[in-house]
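Peer 1: Mind folding the following:
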Amino acid sequence: MVVMMRRRWKGYVVCAVLVMCSLTGCPDYMLPAYMQRKRTAARVDEAAAANPQWSEEIVRLMRKRAIKMGMTAEQVILARGRPQKINRSVGSYGSREQWVYEFSRPGYLYFKNGILTSWQTGR
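Peer 2: Numbers count the residues shown, from 1 in each chain. Predicted coordinates:
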């Protein structure tokens, strides 16, 4: 009886979180994986229609929530969502950014002038 109550309770909590997220537009990492994939695929399809110059390989990777060196910042946001933190440095060499993803892998993405150049796992 107690186990059934716990399972039901978790179900109610998940439903409450999903309703809250649908109303407030919460970040992807708070959603279950199947909803993240569905949300990402819809965003990617819409962006790919507006950007016909993107290659099919890049669009396919974004639908899978995967990244590849050479992607633009916009493409990475579509694939992985917004980072929790961005560290920027600007100099005579251009601009560089470190994007920090605390809840997913890879943990750190590095951009030079808006292009993904490398990444590092945090764990």
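Peer 1: What's the local residue count around residue 38?
Peer 2: Taking other C-beta atoms under 10 Å as the criterion, the count of residues near residue 38 is 12. Just so you know, the C-beta spots here come from the backbone N, C-alpha and C atoms, and that holds for glycine as well.
Peer 1: repeat for residue 71
Peer 2: Residues lying near residue 71 (other C-beta under 10 Å) number 23.
Peer 1: Surely it and residue 116 touch.
Peer 2: Yes: proximity of residue 71 to residue 116 meets the contact threshold set by C-beta atoms under 8 Å, at 4.7 Å.
Peer 1: need the next SSE after the helix or strand bottoming out on mean pLDDT in the chain, C-terminal direction.
Peer 2: Sorting the helices and strands of the chain by mean pLDDT, DSSP states H and E puts helix 2-24 at the bottom, at a mean of 49. Past helix 2-24, heading to the C-terminal end, the next element that is a helix or strand (DSSP states H and E) is helix 33-50.
Peer 1: and that next one, average pLDDT?
Peer 2: Along helix 33-50, the predicted local confidence has a mean pLDDT of 82.
Peer 1: Start the count at 45 instead of 1 going forward.
Peer 2: From this message on, residue numbering opens at 45, which makes the last subject helix 77-94.
Peer 1: quick one, domains of the protein?
Peer 2: Taking automatic domain parsing as the domain assignment, the ranges for the chain are 45-75, 80-164.
Peer 1: Would you mind finding the most buried of these?
Peer 2: Of all the domains of the chain, domain 80-164 carries the top mean neighbour count, a mean of 15, counting by mean count of other C-beta atoms under 10 Å.
Peer 1: quick one: residue 123 is in a helix?
Peer 2: Yes: when DSSP: H, G, I helix; E, B strand; the rest coil is applied, residue 123 is found to be in a helix.
Peer 1: quick one: secondary structure of the closest residue to it other than its chain neighbours?
Peer 2: Nearest in space to residue 123, with sequence neighbours left out and distances taken as C-beta to C-beta, 6 or more residues apart in numbering, is residue 106 at 4.2 Å. Following three-state DSSP, residue 106 is assigned to helix.
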